[in-house]
Structure formats: C-alpha cells, structure tokens
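# take this sequence and fold it.
(one chain, ligands or ions: 2)
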Amino acid sequence: MISRDRIPETRRWVVKIGSALLTRDGQGLERARLAPWVEQMSTRRQAGHEIVLVSSGAVAEGMARLGWRQRPKALHELQAAAAIGQMGLVRAYEDCFQARGLHTAQVLLTRDDLSNRSRYLNARSTLRTLLKLGVIPVINENDTVATDELRFGDNDTLAALVANLIEADLLILLTDQDGLFDQDPRHNPNAKLISETWVSDPLLDQVAGGSVTGLGTGGMVTKVRAARLAARSGTPTIIAPGRSEQVLNRIGAGESVGTLLIPDQEAQAARKQWLAGHLQARGRLVLDEGAVRALREKGTSLLAVGVKAVQGRFNRGEVVICIDEAGREIARGLVNYDADEAKRILGHPSAHFEQILGYLDDEELIHRDNLVLT
Ligand SMILES: Nc1ncnc2c1ncn2[C@@H]1O[C@H](COP(=O)(O)OP(=O)(O)O)[C@@H](O)[C@H]1O
Ligand SMILES: N[C@@H](CCC(=O)OP(=O)(O)O)C(=O)O
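Numbering: from 1, shown residues only. Ligands and ions are numbered 1, 2, ... in the order given. Reported below is the predicted structural model:
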C-alpha cells in the first residue's frame, strides 16, 4: 500500500495541469506560469522519474488568439478554438523544455483511441517508446475530431486513462486549490484540507463539488472519479496545489502536499475485473503443479521457478495466460518480463536472474496484485 514516504520510490508519473491553473481569466495561456512546472518536471526527470504531461489550455489559448471573450457554445467553434490554441500550447511547452535540454512530443487522444484494442496498444507502445527515449509526452484531448460521444470532456479523466494505459505509479492532478477539502473552499472559508484517504471512501462523493471558475471542467467531482479510474491500474492520485512553490519536487521528496487518494481493496477488486476483461492476452506460461497450487490455494505471485514453458510473443507489461500442463487456463496477469527473458529465467529462482539476464527488474514473473485466477 502506498504512503507518503513511499512516493519518492515511484518512477512513472502522469502530471495533469488543468485549465484553471494555466489560463488568466479566459485570456489565454500564462506563459510565465509554465516555466516553474517545466523546471520541476525536468528536475524530476533527472531524479529518475518518467514524466508524462497531460495539459489543458487549448481552448482558452485559441479563444485569446481569436479575440473571443466568451467561451463559444457551438461544438464546431470550440473545436476550431482548440485547434488554434493547441499550436500555442505545445509551442510554449517545447520552448520551455528545450531550454532545459529535453525534447517534447505532442500526443492527441480521443476516448476511442483508448477503447479500441489495436489503437490502445499502439498508443501504449508509442508512449513507452517516448519515455525510453527520454522525451516528455505532452498529451491533450484531440478536441478537433472528438464528437460528444467520443469526448473525455475533462482532462482529469483523460489523465487517469493515460495512467491506466502506461501503468503509472502516480497520478498528480495540479489544480488551483490546495487539494480536496471537506467543503468547496471557494464557498466555505472554514473548509479543511483532506490530507489522505482511501480512494473508495464514500465521503468523497459528498465533499467533491463542481467547477465554479468557468475555466476548468468538472471541478473536484471529475478529480475524484479520475482517482478511482487510476486506482484500477493500482495508481495512487495526489490532487495538489499547482501554484505552490516546488510542488512537484516536494511531492517527490515524500512531503505531505495536497490530497493523497490511496487505492484500497475495493479498487483492487475493480483492478482485477479490469485486468480480466480489458486486456487481451498475448502469450502463455505453462506452470508446474506446485505453481498451480500456490496460485490457487495461497494466492501467491507467480515465480519463474514454477514455469515450465513459455509460448508466444509478449512484451513486459502485457497480459499472459497461465495454463497447467494439461493446457487448462488457471489465471491471467501482467507479466514483468518479455517472452525472451521469460524463456531464459524459467525454472530459476529470482536470485539467479541477475546472473542470467544481467539485471533484476522484479522478483516475480507476475505479481499477485496483477494476477486474476480464472
Ligand atoms: N471539496 C472541494 N475541495 C476543493 N475544491 C473544490 C471542492 N469542491 C469543488 N471544488 C472546486 O474545484 C475547482 C477545481 O476544479 P476545476 O475548476 O475543474 O479546475 P482544473 O482546471 O484544475 O481541473 C476549485 O476551484 C474549486 O472551486
Ligand atoms: N482539452 C481542453 C481541456 C478540457 C478542460 O478544461 O479540462 P480541465 O483542465 O480538466 O478542466 C483544452 O485543452 O482546452
């Protein structure tokens, strides 16, 4: 279970910067505001974190460029504004990151991209490749093509689905408040900050209100929902104050900043359901009798020592089916090594992995949190 002092160990972060933070009362991007976040993301990158940025602000920047004072109601006008503003948004990030020696990549997604199997896998492998190359992906909704049925609508949801997509270790939602309060602080000066709680805590549904600025979309309601979605891939969420000095570095140091929403047992059950239904299996692992018993009776992780054969091709992080020697399906889960590595380590205890592969990434072939008995 995650706690603040374990945050420094997390590696893959999705950082979402919301419209309410990025824009000046509907007058486009505040470029000066980007620099401190970019600087902190660069520092985190150097500290070994992989950073994926989800940034809003396209519509607001497009409106400013067109001289529009009111957010248009017609979808085609919103889409036009987003297309114009997205240029300014990525340019601002590119300039800022480049000044720190980092490349950026623009990734625009629709809901369909994440529900269609082959597009989902493509998006995932592109993002993984970008991270491997040390590039910072800058993601937004593809507003120009997303019709109402296809829209994420708010970038909290988009950020959570991206966290699922890349199995992020942490989702950070930067916003204009210090975190989630027990009442909306804009209306109640006595509202108290919730420092941490379980993501399924029903109280969250009562305290989270909508957005009142007219800049952001969804308010805390979509952030709580996003945290629950992120928990499906075991990802904890921190709702944090984007304007607070060194906020990302303080989170990285394990300081108590904002609201930490921790995946709990209910989220764990949802995760297993998601695992079972959402992902298509790529290959198979043939387990020996001892491993079958350990999985079924003790609910343990799968160790390479109990694997007799590897069938098919798969990459690290993909779903594989575990079968017994008679070919019956026992379980499915997310595998920690690719097919070639798995072939080399099968039958061996994890103490040998380093000698065989030259490194030890994980002791388990499939961790029990990532395993569903079928
Ligand atoms: N319980 C709460 N705690 C904190 N903020 C809340 C709460 N309920 C509603 N809000 C509102 O949520 C807003 C942040 O969400 P939003 O405007 O959508 O911004 P963003 O663009 O960052 O997603 C805050 O300005 C605040 O008014
Ligand atoms: N895709 C839209 C952002 C949608 C939006 O405002 O989301 P949020 O920042 O979550 O309130 C844009 O770039 O303007």
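# what ranges do the helices span in the stretch 201-350 of the chain?
Taking DSSP state H, counting those that start in this stretch, the helices of the stretch 201-350 of the chain run over residues 203-207, 219-231, 247-252, 265-278, 289-293, 339-345.
# which one, of those helices, ends up nearest to Ala159?
helix 219-231 (6.3 Å; CB to CB). For every residue, glycine as well, the C-beta is placed using N, CA and C.
# just checking, what packs against the closest one?
helix 155-165, strand 170-175, helix 203-207, strand 237-241, strand 259-262, helix 265-278 (3 or more CB pairs under 8 Å, 6 or more residues apart in numbering; DSSP states H and E).
# dump the helices of the stretch 201-350 of the chain to TSV, plus distance to Ala80.
Formatted as TSV, the helices of the stretch 201-350 of the chain follow (distance: least, CB to CB, whole Å):
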stretch	distance to Ala80
helix 203-207	36
helix 219-231	24
helix 247-252	33
helix 265-278	34
helix 289-293	57
helix 339-345	47
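# hey, which of those helices is tucked in deepest?
For these, the largest average neighbour count (mean count of other CB atoms under 10 Å) is found in helix 219-231, namely a mean of 24.
# what helices and strands are in contact with the helix or strand of the chain at the bottom of the mean pLDDT ranking?
Lowest by mean pLDDT, DSSP states H and E among the helices and strands of the chain is helix 265-278, with a mean of 72. On a contact count with 3+ CB pairs under 8 Å, 6+ apart, helix 265-278 meets helix 219-231, strand 329-334, strand 371-373.
# go through these and find the least confident stretch.
Here the lowest mean pLDDT among the helices and strands packed on helix 265-278 goes to strand 371-373, at a mean of 88.
# list the buried residues for it?
The neighbour-count check on strand 371-373 (16 or more other CB atoms under 10 Å) flags Leu371, Val372 as buried.
# what do you get for stretch 127-143?
Buried residues in stretch 127-143 (16+ other CB under 10 Å): 127-128, 130-131, 135-143.
# among those residues, which one lies nearest to ligand 2?
Nearest to ligand 2 out of the buried residues of stretch 127-143 is Glu141 (CB to the nearest ligand atom; 4.2 Å).
# got a list of what the closest one touches?
Leu108, Leu109, Thr110, Arg151, Phe152, Asn155, Leu158 (CB atoms under 8 Å, 6 or more residues apart in numbering).
# what are the phi and psi values at the spatially closest residue to the second one that is not a sequence neighbour?
With sequence-adjacent residues excluded and distances taken as CB to CB, 6 or more residues apart in numbering, Leu109 is closest to Asn142, at 5.9 Å. The phi and psi values for Asn142, taken as degrees, to the nearest 10, are phi -80, psi 80.
# Asn142: what's it in contact with?
Asn142 neighbours (CB under 8 Å, 6+ apart): Leu108, Leu109, Thr110, Asp113.
# show me the two of the residues you listed that sit farthest apart.
The widest separation within the contacts of Asn142 (CB to CB) is 8.9 Å, between Leu108 and Asp113.
# what's the local residue count around the closest residue to ligand 1 within the stretch 251-374 of the chain?
At 8.4 Å from ligand 1, Thr259 is the closest residue in the stretch 251-374 of the chain, using CB to the nearest ligand atom. Other residues near Thr259 come to 26 when the count uses other CB atoms under 10 Å.
# for Glu245, same thing?
9.
# need the contact list for it.
Contacts of Glu245 (CB under 8 Å, 6+ apart): Pro36.
# now do the residue nearest to the spatial centre of the chain, the pLDDT please.
Compute the mean C-alpha point of the chain, and by CA atoms, centre = their mean the closest residue is Ala163, 1.5 Å away. At Ala163, the model reports a pLDDT of 95.
# what about it, distance to Gly234?
Per CB to CB, to the nearest Å, Ala163 is found 10 Å from Gly234.
# ok, Val320 next?
18 Å.
# higher neighbour count, the two?
Neighbours per residue, other CB under 10 Å: of Val320 and Gly234, the larger number sits with Val320, 24 against 20.
# of the contacts of Asn142, closest to Asn188?
Distances from Asn188 to those, taken by CB to CB, are shortest for Leu109, at 35.8 Å.
# under the pLDDT cut-off, which ranges of this structure? List them.
Along the chain, segments meeting pLDDT under 70 span 26, 117-118, 146-150, 211-218, 274, 276-279.
# related to what we said a few turns ago, near ligand 1, which of the contacts of Glu141 show up?
Residues of the contacts of Glu141 in contact with ligand 1 (CB under 6 Å from any ligand atom): none.
# closest to ligand 1 out of the residues you listed?
When the contacts of Glu141 are compared against ligand 1 (criterion: CB to the nearest ligand atom), the nearest one is Asn155, at 6.9 Å.
# tell me, how many residues neighbour that closest one?
Neighbours around Asn155, by other CB under 10 Å: 27.
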